[in-house]
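> sequence plus predicted model, see below.
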2 protein chains.
Amino acid sequence: MHEKLEKMIVGVDLGGSKINSILSDSSGNIEARDLRDTLAHEGPDAVIKRIIDSIKQVASGRDIAGIGIGAAGACDVATGVITLSPNLPGWHDIPLKDNIQREFNLPVHLENDATAAALGEHCFGGAVGIDNLIYICVGTGIGGGILIGGQLYHGASGSAGEIGHMTIDINGPRCPCGNSGCWETLASGTALAREAVKRIEAGAQTTILNFADGQLQKVSAHRVYLAAREGDRLANELISQTAHYLGVGLVNIVNIFNPQLILIGGGLSRMGQLLLEPATKMVRERAYELAVRAVRIELSPLGNDSTALGAVALVLKSS
Amino acid sequence: MHEKLEKMIVGVDLGGSKINSILSDSSGNIEARDLRDTLAHEGPDAVIKRIIDSIKQVASGRDIAGIGIGAAGACDVATGVITLSPNLPGWHDIPLKDNIQREFNLPVHLENDATAAALGEHCFGGAVGIDNLIYICVGTGIGGGILIGGQLYHGASGSAGEIGHMTIDINGPRCPCGNSGCWETLASGTALAREAVKRIEAGAQTTILNFADGQLQKVSAHRVYLAAREGDRLANELISQTAHYLGVGLVNIVNIFNPQLILIGGGLSRMGQLLLEPATKMVRERAYELAVRAVRIELSPLGNDSTALGAVALVLKSS
């Protein structure tokens, strides 16, 4: 690795709404960044071109050791193919690694975004020295990255960690995945915004719309949070409810995995303890005592960069 | 191991109701067996004495390489202590390994029963050559044994695999664990019997009581099954409902772990395809396609001996 220390690494977080590319050294120090919209509706070819532009932008003129990509979808890690992505329309068996490798003639590594984020936290963030980690991305949906025995866990066909599609309410809302009452239908940002809209439409007293330019379709989890911070009662109630559902799923994760550490990232994690405190309280009350004693539940310290830094770590691990 | 091949191994399954001890060679051939009631209500000292008697019974006069124990409870594998057991009253931090070692002056290995069963299936049963297995014991409760990368997964403090205490119905029945709508409150043998009693008390037309000596307190999952086999409509309806709940939890497990193989053991597995077929149908319909394609869901071929044979494998692995 010594020779590599002089070279830089590019890490890309390919999300449904943003492409976050970073230029990093081997210690995870970020020296440049390119953040742009994914514009996923334009389809794979346009997005791949945008990823290439973004990489060129951050890499400009530097000597690059390799490129890592964490993508919002199920990935075949061995072949570097995105097999399926609910957040990237039209991405079905897309050989992203080959496409990027052809352009740059550099080693390229592909990984699922939440799984990459777990690795990022393990190498550079809140899980250094932790062998047994569940990273949970709570945003539009809920994704999971699993690190067991210090190794990323992919499952038999690379789709392990779909913890957002764990039924916690058998009579709950239908999920596009075909299931009912999936965790992400109840505890994601999408769920929070949906409930807010429903309550506003039913005539609830609230200031939430003031934070959304008065438009129902602009109501988002973040805007509910802004209203809650200003003391809006409904907004606080809805966030409490989301925290309740988040807690139910966390209890399941703690009972199943008995992890050392759970790190919560994704957009909703920006609500901080307002969301986390009631959820962890439920874990302490309801999960198995032995498992509760062993686990810490914390906010992801790397935040929006956990996936991109995990992508950097993919390159380091294989060099 | 060559020298050990001549010696025999004792494997003990310490359950809440039965102690199943076997004498096995290193290929998992069972040469003797002792099955007796645990009589768990008599407390740890009496049960430990009973375990010792049972081991003496199967080992009688043979040269023994070691003793393995799979116990119904959370185990500290390193120290050989049963830290807690919902099915063995009074078992709290009981140093079972030391107790047995002192008696026989032989290597003793302790493991959770469902985890041991996963190892048993991996070494001698339905999961030979499988690196990525979830063993599910569906009986009085629901327990899980997790094999990842060919290794048993224990979690941070030995309590991983409490999959029966995964909430699948947030508004479901209260569970003694403190949670609501745990998988085992809906899909275990206990749940099936409870629902049958409830329906009989409400005046449902059924022959179930004919299989229970006419006594409500004798209604068990097995007796519901006997009635179902004879065409009893309510019994069949209740088993369908149990299979439905079993399927919901299996979908979760498939989405979370993306395993190669799920093996279903425990008392309820004796219902065979009547239970398994509708549950696996739900998995095919609702779990992630990539994960569904990768997984086989089957009945445990080792049946009642999976834990005892896993206990044998514990000894083999460490010799």
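Yep, it's here.
> list the helices and strands the least confident helix or strand in chain A by mean pLDDT packs on?
Least confident helix or strand, chain A: strand A:74-76 with a mean of 89, by mean pLDDT, DSSP states H and E. Using 3 or more C-beta pairs under 8 Å, 6 or more residues apart in numbering or on different chains; DSSP states H and E as the contact test, the elements touching strand A:74-76 are strand A:81-84, strand A:108-112. (Each C-beta comes from the backbone N, C-alpha and C, glycine too.)
> got the end-to-end distance for stretch A:172-183?
Using C-alpha to C-alpha, to the nearest Å, one end of stretch A:172-183 lies 9 Å from the other.
> and it, how far from the chain's centre?
The chain centre lies 19 Å from the centre of stretch A:172-183; the measure is C-alpha atoms, centre = their mean, to the nearest Å.
> in that stretch, what's buried?
Neighbour counts over stretch A:172-183 (16 or more other C-beta atoms under 10 Å in any protein chain shown) mark A:172, A:175, A:177, A:179-183 as buried.
> and for stretch A:15-29?
Within stretch A:15-29, the residues scored as buried using 16+ other C-beta under 10 Å are A:15-16, A:19-26, A:28.
> just stretch A:266-285 next, same as before
Residues of stretch A:266-285 classed as buried by neighbour count (16+ other C-beta under 10 Å): A:266-271, A:274-276, A:278-280, A:282-283.
> output the set of residues of the stretch 1-150 of chain A in proximity to chain B.
Proximity of the stretch 1-150 of chain A to chain B, by C-beta under 8 Å from any C-beta of the partner chain, involves residues A:74, A:83-84, A:132, A:144, A:148-149.
> do that again at 7 Å, thanks
Neighbours of chain B within the stretch 1-150 of chain A, by C-beta under 7 Å from any C-beta of the partner chain: A:74, A:83-84, A:132, A:148.
> same deal with the stretch 201-319 of chain A?
Contact residues (C-beta under 7 Å from any C-beta) of the stretch 201-319 of chain A with chain B: A:248, A:251-252, A:255-260, A:285-286, A:288, A:290-291, A:293-295.
> which residue ranges of chain A form strands?
Ranges of strands in chain A, per DSSP state E, are A:8-14, A:18-24, A:30-37, A:64-71, A:74-76, A:81-84, A:108-112, A:133-138, A:142-148, A:151-152, A:261-265, A:296-299.
> could these be laid out in JSON lines, adding distance to B:Lys198?
JSON lines is the format used below for the strands of chain A (distance: least, C-beta to C-beta, whole Å):
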{"stretch": "strand A:8-14", "distance to B:Lys198": "51"}
{"stretch": "strand A:18-24", "distance to B:Lys198": "52"}
{"stretch": "strand A:30-37", "distance to B:Lys198": "55"}
{"stretch": "strand A:64-71", "distance to B:Lys198": "49"}
{"stretch": "strand A:74-76", "distance to B:Lys198": "42"}
{"stretch": "strand A:81-84", "distance to B:Lys198": "42"}
{"stretch": "strand A:108-112", "distance to B:Lys198": "44"}
{"stretch": "strand A:133-138", "distance to B:Lys198": "37"}
{"stretch": "strand A:142-148", "distance to B:Lys198": "35"}
{"stretch": "strand A:151-152", "distance to B:Lys198": "46"}
{"stretch": "strand A:261-265", "distance to B:Lys198": "37"}
{"stretch": "strand A:296-299", "distance to B:Lys198": "37"}
